[in-house]
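Novice: Provided below are the primary sequence and the corresponding predicted coordinates.
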Amino acid sequence: MFDCDFMTNITPQTAELNQRIWKNLEEKARGLAKRNETLVESFLIPNICSKHDSLINYFIRVDELELKINLDLFSQLPDSIEINVESVLESKLHVLLNE
């Protein structure tokens, strides 16, 4: 929780994004963390989105996200685990079932 208070964890958001899809994502993340600490899901959400948008429209594999943002997010993991975590699409099912 300490890391959440850094300015690097803050991004400007439109009210529409913050009050709808981002709020939905935060609620889902809290629920998933309580049920399954090992699940990884990643999303690439534009700052402008429709009020009827769904999280599933922005789901992206971690390895795809890393290419877009030019960062290696799980570099501290052993390669065998990192490759598996970054390429898995099965967690998409969690989003679909819980939306």
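Specialist: It's in. Numbers count the residues shown, from 1 in each chain.

Novice: how about the helices in the chain?
Specialist: Here the chain has its helices, by DSSP state H, at 15-19, 21-35, 62-69, 79-87, 92-98.

Novice: could those go into TSV alongside mean pLDDT, mean neighbour count and distance to residue 54?
Specialist: No exception for glycine: its C-beta is placed from N, CA and C like everyone else's. Shown next, in TSV, are the helices of the chain (pLDDT from 0 to 100; neighbours: other CB atoms under 10 Å; distance: least, CB to CB, whole Å):
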stretch	mean pLDDT	mean neighbour count	distance to residue 54
helix 15-19	80	14	13
helix 21-35	83	14	8
helix 62-69	90	14	18
helix 79-87	82	13	23
helix 92-98	56	13	9
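
Novice: any chance of those helices in a markdown table, plus distance to residue 44?
Specialist: Formatted as a markdown table, the helices of the chain follow (distance: least, CB to CB, whole Å):
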| stretch | distance to residue 44 |
| --- | --- |
| helix 15-19 | 13 |
| helix 21-35 | 12 |
| helix 62-69 | 6 |
| helix 79-87 | 14 |
| helix 92-98 | 14 |
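
Novice: middle-most residue in this protein, spatially?
Specialist: For the chain, residue 42 is the residue whose C-alpha lies nearest the centre (CA atoms, centre = their mean; 3.1 Å).
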